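Trainee: My questions concern the predicted model and sequence given below.
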Amino acid sequence: MPEINRHKNDKSNKPPIDAAALLAWYDNNARALPWRVSPADRARGVAPNPYFVWLSEIMLQQTTVPTVGKYFAAFTSRWPTVQDLAAADRDDVLKEWAGLGYYARARNLHACANMVVDEFGGDFPQTAAELMNLPGIGPYTSAAIAAICYDQQVAVVDGNVDRVVARFTALDQPVRDAKPFVKSFVQQSVPKRAGDFAQSLMDLGATICAPKRANCLICPIAENCQGTKTADPTNFPVMPAKKQKPKRAGHAFVVENAKGEIWLQQRPEKGLLAAMTEVPGSEWHKLAEIKSDTIPEPEFPIRGEWRNCGSIEHVFTHFALTLTVWKLNSDEAPTQKGWWSKKQNLDAEALPTVFKKVLAKTFEE
Ligand code: SF4
């Protein structure tokens, strides 16, 4: 019989997570979060609100809990139900989202709310497989909603859980290369209280097995943890070799009129930061393609005494951007389609962070 070639991180080699010990810890230490039902209330039969859980999970993608708190409060006070959000104007949703980044999420949020209302009568589907068919809901979010709201026994693996499992199993490769292993390792431990288990692992990663320190002495799952037996468990997860992000550069043109208003315009409906608000600007040149560290001279949209205000840096997921910021005082509109916006109203515009940085640069003058 041929020898079975086992993966070096085969889960059969690793003792599982003690779900009972973890849940006992969670019962006394769960973080109080506005979208969460406490373990005590859950035991009394209080059900989580799927709209709140879904909204928070979409917001938490790439964003921290403290940042999400105020956005969650603003969204749920303005749109308390999924029906309210579905009926909202998409531009209002984008404006309320401004600053959270990854704006495709906001557009999908609105599309998803509409689908839940139109096709499911306002009730979210209850299984991860069905939830996956909704806009903006991927494998992680579908599992999180199904587990937290409906106790479906599925593995929920976010960044915190990745780290806990990497340490717990002393994973000897970067997590991004071992995703199936991490998921199946968690899956084998998921108990009936699947929602509380998912949240307990997230809380453990956020508080005890934290990114920069591992407080193993008070960890409820220390007994079977392989990482705590090593010299320093925070050496896990093993980091992948760093790749430098490609660089792009361009110009941004800020025009202010005599009334103290700024000229803004809408970005195209498709592509990066689609349908968001911006100031006029040049193409964002890929520096590798133009084989230069400097960018072509600016082609100003209107004539005038343009002042160079310096530059700003912004890092997107796939590239790092440098924009040279130019300012002109003029009553002439620099582009055909756009609008003047009072400086004091700029917070209400759907301006992504990169353009907030551009405007802040001109206000330093
Ligand atoms: S024992 Fe330490 S390293 Fe292991 S899971 Fe707990 S805090 Fe993390």
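Mentor: Looks like it came in fine.

Trainee: OK, now which residue of the stretch 1-150 of the chain is nearest to the ligand?
Mentor: The stretch 1-150 of the chain approaches the ligand most closely through Ile17 (8.6 Å), counting by C-beta to the nearest ligand atom. (C-beta placed from N, C-alpha, C; glycine too.)

Trainee: so what's that residue scoring on pLDDT?
Mentor: Per-residue confidence at Ile17 stands at 96 (pLDDT).

Trainee: residues in contact with it?
Mentor: Ile17 is in contact with Phe168, Val186, Ser189, Leu201, Ile221, Asn224, counting by C-beta atoms under 8 Å, 6 or more residues apart in numbering.

Trainee: got it, and Ile312?
Mentor: By C-beta under 8 Å, 6+ apart, the residues touching Ile312 are Ala252, Thr322, Leu323, Val325, Val354, Lys357, Val358, Ala360, Lys361.

Trainee: if we go to 6 Å?
Mentor: Contact partners of Ile312, counting by C-beta atoms under 6 Å, 6 or more residues apart in numbering, are Leu323, Lys357, Val358, Lys361.

Trainee: what's the answer for Arg307, then?
Mentor: By C-beta under 6 Å, 6+ apart, Arg307 lies in contact with Lys327.

Trainee: for His251, same thing?
Mentor: For His251, the contacting residues are Gly281, Ser282, Pro298, Thr324, by C-beta under 6 Å, 6+ apart.

Trainee: Using CSV, list the CA coordinates for the helix or strand hosting it.
Mentor: Counting by DSSP states H and E, the element that carries His251 is strand 247-256. Written as CSV, here are the backbone C-alpha positions of strand 247-256 (Å, rounded to 0.1, in the frame of the first residue of the first chain):
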residue,chain,number,x,y,z
LYS,A,247,3.7,52.8,-6.6
ARG,A,248,1.5,55.2,-8.4
ALA,A,249,1.5,59.0,-8.5
GLY,A,250,-0.6,61.9,-9.9
HIS,A,251,-1.8,65.4,-9.3
ALA,A,252,-4.9,66.7,-7.5
PHE,A,253,-6.4,70.1,-8.3
VAL,A,254,-8.3,72.0,-5.6
VAL,A,255,-10.2,75.1,-6.7
GLU,A,256,-11.7,77.4,-4.1
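
Trainee: What residues does the stretch 1-150 of the chain have near the ligand?
Mentor: Within the stretch 1-150 of the chain, not a single residue sits near the ligand (C-beta under 6 Å from any ligand atom).

Trainee: What are the boundaries of the helices in the stretch 1-150 of the chain?
Mentor: Secondary structure of the stretch 1-150 of the chain (DSSP state H, counting those that start in this stretch): helices at 19-29, 39-43, 50-60, 65-78, 82-87, 90-97, 104-120, 128-131, 139-150.

Trainee: List, one by one, the residues from the stretch 151-300 of the chain near the ligand.
Mentor: Within the stretch 151-300 of the chain, the positions near the ligand by C-beta under 6 Å from any ligand atom are 164, 167-168, 208-209, 214-216, 219, 221-222, 225, 227-228, 233.

Trainee: one more time with 5 Å, if that's ok
Mentor: Residues of the stretch 151-300 of the chain lying near the ligand by C-beta under 5 Å from any ligand atom: Arg167, Phe168, Cys209, Ala214, Cys216, Cys219, Ala222, Cys225, Gly227, Thr228, Pro233.

Trainee: which ones among those residues are found in helices?
Mentor: Residues of these located in helices (DSSP state H): Arg167, Phe168.

Trainee: who wins for neighbours among the residues of the stretch 151-300 of the chain next to the ligand?
Mentor: Using other C-beta atoms under 10 Å as the neighbour test, those are led by Cys209, with 30 neighbours.

Trainee: Contact partners for the nearest residue to that one once chain neighbours are set aside?
Mentor: Distances taken as C-beta to C-beta, 6 or more residues apart in numbering place Val164 nearest to Cys209, at 4.8 Å, with adjacent residues excluded. Counting by C-beta under 6 Å, 6+ apart, Val164 makes contact with Leu204, Gly205, Cys209.

Trainee: now these as JSON lines including pLDDT?
Mentor: Shown next, in JSON lines, are these (pLDDT from 0 to 100):
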{"residue": "Leu204", "pLDDT": "98"}
{"residue": "Gly205", "pLDDT": "97"}
{"residue": "Cys209", "pLDDT": "98"}
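
Trainee: Would you mind pulling the contact partners of stretch 339-352?
Mentor: Everything outside stretch 339-352 that qualifies as a contact, by C-beta under 6 Å, 6+ apart, is Leu94, Lys95, Ala98, Gly260, Glu261, Ile262, Leu264, Leu273, Met276, Thr277.

Trainee: Check which helix or strand the residue nearest to Arg31 when sequence neighbours are not counted maps to.
Mentor: Excluding the flanking residues, the one nearest Arg31 by C-beta to C-beta, 6+ apart is Asp203, at 5.3 Å. Assessed by DSSP H and E, Asp203 sits inside helix 194-207.

Trainee: Check what contacts that helix and list those residues.
Mentor: Here helix 194-207 makes contact (C-beta under 6 Å, 6+ apart) with 19, 22-23, 26, 31, 39, 147-148, 151, 153, 156, 160-161, 163-164, 190-191.

Trainee: which among those residues end up buried?
Mentor: Among the contacts of helix 194-207, the ones that count as buried by 16 or more other C-beta atoms under 10 Å are 19, 22-23, 26, 39, 147-148, 151, 156, 160-161, 163-164, 190.

Trainee: Quick check: the two most widely separated of the residues you listed?
Mentor: Across the buried ones among the contacts of helix 194-207, the longest distance by C-beta to C-beta is 24.4 Å; it joins Asp151 and Arg163.

Trainee: sorry, back to before: from the residues of the stretch 151-300 of the chain next to the ligand, pick the one nearest Asp123.
Mentor: Proximity of these to Asp123 (C-beta to C-beta) peaks at Cys209, which lies at 35.4 Å.
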